[in-house]
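Asks: model this:
(2 chains)
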Amino acid sequence: EDKVVQSPLSLVVHEGDTVTLNCSYEVTNFRSLLWYKQEKKAPTFLFMLTSSGIEKKSGRLSSILDKKELSSILNITATQTGDSAIYLCAAYRDDKIIFGKGTRLHILP
Amino acid sequence: DGGITQSPKYLFRKEGQNVTLSCEQNLNHDAMYWYRQDPGQGLRLIYYSQIVNDFQKGDIAEGYSVSREKKESFPLTVTSAQKNPTAFYLCASSPGHNQPQHFGDGTRLSIL
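Replies: Take a look at the predicted model:
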């Protein structure tokens, strides 16, 4: 059965710390991997990764895909309280998308 | 502004009642999706549609039904056959398959 597994499920750090969120996938006919941030209601899109080893960056956030290890990481440097959210990872296969359970990140001031 | 509108924000269902959740998008996207989110469960796919007048079951379609008569609209009906409907329901759309999805603000459904 296809699955997307995120770790850790929950994380608490202090403002200014750097965090690394993990996502592993077992998906037949894998097409791409996506990261979303969900604060209260609607998840907002962060990154879409299709090629292995190419880092995508947006401000303090960056992400990379490793197709050999079937995994991806999301890094957040110099964390701020506004980074507190649930971070969702999802994998597209040929016909549909599969989401992980998310990592709940809490940043302490 | 372009976006996805879900209504209502909160909905209560009585025993034996069907309820319909609305999802409208003005992004001119071909694909639309419905998800259910329970605490600690992430997003689970209920139904999806890649084109008007066509839709497919997701992982948890039992007790739900959809229609896609117009490109802009993808309503979800929670039927009385869904025995545990209390959840947060999210609608999303994308230009096509394998492209980033845009989400609505969700509908929270509870049982009376």
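
Asks: How many neighbouring residues does residue 86 have?
Replies: Because you didn't say which chain, this covers chain A. Burial of A:Ile86 is recorded as 20 neighbouring residues (other C-beta atoms under 10 Å in any protein chain shown). In short, each C-beta sits where N, CA and C put it, glycine included.

Asks: my bad, the chain I had in mind was chain B
Replies: 12.

Asks: How about the contacts made by it?
Replies: Counting by C-beta atoms under 8 Å, 6 or more residues apart in numbering or on different chains, B:Thr86 touches B:Leu109, B:Ser110, B:Ile111.

Asks: Reformat the residues you listed as TSV; add distance to A:Glu55, neighbour count and secondary structure.
Replies: Shown next, in TSV, are the contacts of B:Thr86 (distance: C-beta to C-beta, whole Å; neighbours: other C-beta atoms under 10 Å in any protein chain shown; DSSP: H, G, I helix; E, B strand; the rest coil):
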residue	distance to A:Glu55	neighbour count	secondary structure
B:Leu109	40	21	strand
B:Ser110	43	11	strand
B:Ile111	46	12	strand
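
Asks: Which one of these is nearest to A:Ala90?
Replies: Nearest to A:Ala90 out of these is B:Leu109 (C-beta to C-beta; 22.6 Å).

Asks: Leaving aside the residues adjacent along the chain, what's closest to that closest one?
Replies: Of all residues not flanking B:Leu109 in the chain, B:Leu11 sits nearest, at 4.9 Å (C-beta to C-beta, 6 or more residues apart in numbering or on different chains).

Asks: now B:Asn53
Replies: Nearest residue to B:Asn53, sequence neighbours excluded (C-beta to C-beta, 6+ apart): B:Arg68, at 6.1 Å.

Asks: Is the residue most central in space within chain B bridged to anything, and to what?
Replies: Nearest to the mean C-alpha position of chain B, by C-alpha atoms, centre = their mean, lies B:Trp34 at 3.1 Å. Judged by DSSP bridges, the bridge partners of B:Trp34 are B:Tyr47, B:Cys91.

Asks: contacting residues around it?
Replies: Here B:Trp34 is in contact with B:21, B:23, B:45-48, B:58, B:64, B:66, B:74, B:76, B:89-91 (C-beta under 8 Å, 6+ apart).

Asks: low pLDDT regions in chain A?
Replies: Residues of chain A meeting the criterion pLDDT under 70: none.

Asks: Right, I'll leave it there.
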